[in-house]
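*Asks:* Structure of the sequence below:
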Amino acid sequence: MLRAAAWLTRYSERENSRSGYAAKALTARGVEVVKADLLEPSSLKALYHGARGAFLVTNFGDPAQRGREEEIGASAVNAARSAGVKHLIWSTLPDAEKISGGRLKVEHFTMKAHVDAVVRSAGFERHTFVQAPFYFQNLKLFVPQPLPDGRRGWAVPMDPAARVIHAGDISELGRAVAAAFGAGAGLANGSYLAVCGGMYSWDDFVATLNTLGHNFGVVRVAPEVYDGFFPGAKELREMFQYFEAHTYFGPDAQTRIATANALVPGGFTVFSDWARKNMKPGG
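*Replies:* Next comes the predicted model:
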């Protein structure tokens with residue numbers, strides 16, 4: 001029997017209804033669904049009970065978790081160890097602060113990275129790290145806006161031509177997680193799996209979309225201008241600056257991408273294929 005956590009959310013009723021639908025769909029497939037909340041460690045006991053493996057990820061997008069991912073992640077990891085979980089898979093990201101020599105914080109990267117040491121020292125029989133890419137889905141989340149040349153598109157605080165963004169379809173992260181659980185001793189303990197559909201620039205994204213019939217553009221804006229675009233823009237500005245200086249997955253990218261690709265037959269979807277299906281003109 002598989003078990004899934006129905007994490008409590010602190011968003012709208014609409015978001016909660018989606019979670020309820022997902023839970024019902026999983027139940028219909030024979031998955032045992034357990035209600036748990038990362039912010040309430042005591043609720044994790046029932047989730048972990050009898051589970052051999054666990055996949056954990058914190059959510060920077062949840063205002064209640066923002067700024068606390070290191071604390072929340074460490075607590076969930078330790079709870080899994082106390083409950084007897086044998087194989088822990090932790091969703092992490094590169095330590096942008098360390099990689100940049102302290103110049104860039106990128107909290108939603110660095111806080112997750114700090115939990116890696118907790119995972120390694122917890123004493124699990126096996127542990128694995130997965131790293132999600134820059135989501136292709138972000139091109140829809142960051143809704144194209146009017147640009148000075150009359151087109152719609154994106155304003156970014158980095159060189160649009162810099163091919164430094166390791167990107168992919170976030171829905172495929174589960175393929176790497178499932179493969180890691182299934183690999184057993186065939187995967188070196190403590191491995192990092194970086195899920196990646198390719199390395200792109202903003203110009204690459206726009207060019208691909210325009211070959212499909214869109215008329216998008218991208219412009220570079222000064223950091224101080226970008227910081228004023230919306231609440232939380234500074235965090236994303238530092239993230240884009242980190243990409244430009246060090247690439248998304250950082251100095252260990254090649255090894256971690258290769259490890260994931262070797263484990264998942266066929267690798268992961270490239271942007272042109274994803275965009276053809278998911279970003280149709282007028283869609």
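*Asks:* could you measure the closest residue in space to residue 74 that isn't next to it in sequence against residue 176, distance?
*Replies:* Distances taken as C-beta to C-beta, 6 or more residues apart in numbering place residue 118 nearest to residue 74, at 4.5 Å, with adjacent residues excluded. No exception for glycine: its C-beta is placed from N, CA and C like everyone else's. Separation of residue 118 from residue 176 (C-beta to C-beta, to the nearest Å): 21 Å.
*Asks:* same check, this time on residue 168
*Replies:* 10 Å.
*Asks:* Could I get the full set of helices for the chain?
*Replies:* Under the criterion DSSP state H, the chain contains helices at 13-28, 44-48, 69-82, 96-99, 107-121, 138-141, 173-183, 202-211, 223-226, 233-246, 253-263, 271-278.
*Asks:* In contact with residue 213, which residues are there?
*Replies:* 280-281 (C-beta atoms under 8 Å, 6 or more residues apart in numbering).
*Asks:* ok, 10 Å please
*Replies:* Shown in contact with residue 213 (C-beta atoms under 10 Å, 6 or more residues apart in numbering): 279-282.
*Asks:* now do residue 147
*Replies:* 153-155, 216-219.
*Asks:* Report the separation between the most centrally placed residue in the chain and residue 174.
*Replies:* The chain has residue 132 as the residue nearest its centroid, 3.8 Å off, counting by C-alpha atoms, centre = their mean. From residue 132 across to residue 174, the span is 11 Å (C-beta to C-beta).
*Asks:* Could you pull out the residues contacting both of these two?
*Replies:* Common neighbours of residue 132 and residue 174 (C-beta under 10 Å, 6+ apart) are residue 195.
*Asks:* can you pull the contacts of residue 214?
*Replies:* Neighbouring residues of residue 214 by C-beta under 10 Å, 6+ apart: 144, 151-153, 206, 208, 275, 279-282.
*Asks:* try residue 92
*Replies:* Taking C-beta under 10 Å, 6+ apart, we find residue 92 in contact with 56-58, 73, 109, 111-116, 119, 129-132, 192.
*Asks:* quick one: pLDDT of the residue nearest to residue 74?
*Replies:* You'll see residue 118 listed with a pLDDT of 98.
*Asks:* Enumerate every residue touching it.
*Replies:* 70, 73-78, 81, 90.
*Asks:* Could you measure from it over to residue 77?
*Replies:* From residue 118 across to residue 77, the span is 5 Å (C-beta to C-beta).
*Asks:* Touching both of these two, which residues are there?
*Replies:* Joint contacts of residue 118 and residue 77 (C-beta under 10 Å, 6+ apart) are residue 90.
*Asks:* Reformat the helices of the chain into a markdown table and put distance to residue 162 next to each item.
*Replies:* Compiled in a markdown table, the helices of the chain are given as follows (distance: least, C-beta to C-beta, whole Å):
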| stretch | distance to residue 162 |
| --- | --- |
| helix 13-28 | 34 |
| helix 44-48 | 41 |
| helix 69-82 | 27 |
| helix 96-99 | 16 |
| helix 107-121 | 18 |
| helix 138-141 | 16 |
| helix 173-183 | 25 |
| helix 202-211 | 8 |
| helix 223-226 | 15 |
| helix 233-246 | 5 |
| helix 253-263 | 15 |
| helix 271-278 | 16 |
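*Asks:* To residue 34, which of those lies closest?
*Replies:* With C-beta to C-beta, the closest approach to residue 34 among the helices of the chain belongs to helix 44-48: 4.7 Å.
*Asks:* ok, what's across the strand from the residue lying closest to residue 177 once chain neighbours are set aside?
*Replies:* The shortest distance from residue 177 to any non-neighbouring residue, by C-beta to C-beta, 6+ apart, is to residue 55 (5.1 Å). When assigned by DSSP bridges, residue 55 has beta-bridge partners residue 89.
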